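sequence-free structure coming up:
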């Protein structure tokens with residue numbers, strides 16, 4: 001899956017980062033192996049089901065084919081690293097995006113929900129941040145004992161202006177995690 005999701009640059013650090021995210025997601029969602037995770041969570045990584053040429057090529061490759069292909073060798077090394085909880089080139093990410101974040105910027109789901117770069121070096125596609133301020137309020141009804149009038153009081157309890165924060169930009173992939181303000185406001189799980 002890391003080979004299929006990676007850009008054609010065959011950047012070993014990019015594949016290591018992708019593999020680490022896949023293992024982190026697998027663990028967070030409670031699956032015992034990547035194959036079951038990929039089968040049950042089809043929308044997480046489309047390479048398994050969308051006809052991705054790189055994924056299909058690697059899955060059909062013999063051991064000899066893999067030994068002759070530097071990119072496939074890097075993918076195998078990346079998978080081993082991630083499965084052994086080795087160095088994480090994604091810096092704790094749970095999500096990623098490739099070139100489609102630039103080519104489909106106006107309609108991209110993450111862009112619509114808000115993205116922020118924690119380091120300018122992560123912005124490998126030179127896109128604009130998308131800030132979408134959300135303020136959550138708590139409403140409380142209070143009754144005036146003398147007049148019987150009911151007044152609704154509004155109190156701000158949380159705010160955030162983006163869902164996704166970059167953690168790395170490696171090869172052709174930007175890596176993300178949920179921002180802490182969003183997590184605090186919504187009590188969202190970091191992986192979903």
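Alright, I've got the coordinates. Quantities reported herein were computed from a predicted structural model and do not represent experimental measurements.

Give me the neighbour count for residue 127.
If you count neighbours by other Cβ atoms under 10 Å, residue 127 ends up with 16. From N, CA and C alone the C-beta is placed, and that goes for glycine too.

Please apply the same query to residue 57.
By other Cβ under 10 Å, the residues close to residue 57 number 15.

in what helix or strand does it lie?
Using DSSP states H and E, residue 57 maps to helix 53-60.

which parts of the worst-scoring helix or strand of the chain on mean pLDDT are buried?
Using mean pLDDT, DSSP states H and E, the weakest-scoring helix or strand in the chain turns out to be helix 34-40, at a mean of 90. Neighbour counts over helix 34-40 (16 or more other Cβ atoms under 10 Å) mark 34, 37-38 as buried.

so residue 47, which of the three states?
Following DSSP: H, G, I helix; E, B strand; the rest coil, residue 47 is assigned to helix.

Tell me which residues touch it, please.
Going by Cβ atoms under 8 Å, 6 or more residues apart in numbering, residue 47 touches 1, 4-5, 54-55.

likewise residue 33?
Counting by Cβ under 8 Å, 6+ apart, the residues that residue 33 touches are residue 26.

And it, how close does it get to residue 27?
11 Å (Cβ to Cβ, to the nearest Å).

Now the terminal residues of stretch 185-192, how far apart.
End-to-end span of stretch 185-192 (Cα to Cα, to the nearest Å): 15 Å.

Equivalent analysis for stretch 38-46, please.
With Cα to Cα as the measure, stretch 38-46 spans 9 Å from end to end.

List of residues touching that stretch?
Identification of contacts with stretch 38-46 by Cβ under 8 Å, 6+ apart yields 1, 4-5, 22, 25, 29, 31, 37, 48-49, 52.

Just send those residues back as TSV, with distance to residue 189 too.
Below are the contacts of stretch 38-46 laid out as TSV (distance: Cβ to Cβ, whole Å):
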residue	distance to residue 189
1	21
4	25
5	22
22	17
25	11
29	9
31	15
37	15
48	22
49	24
52	27
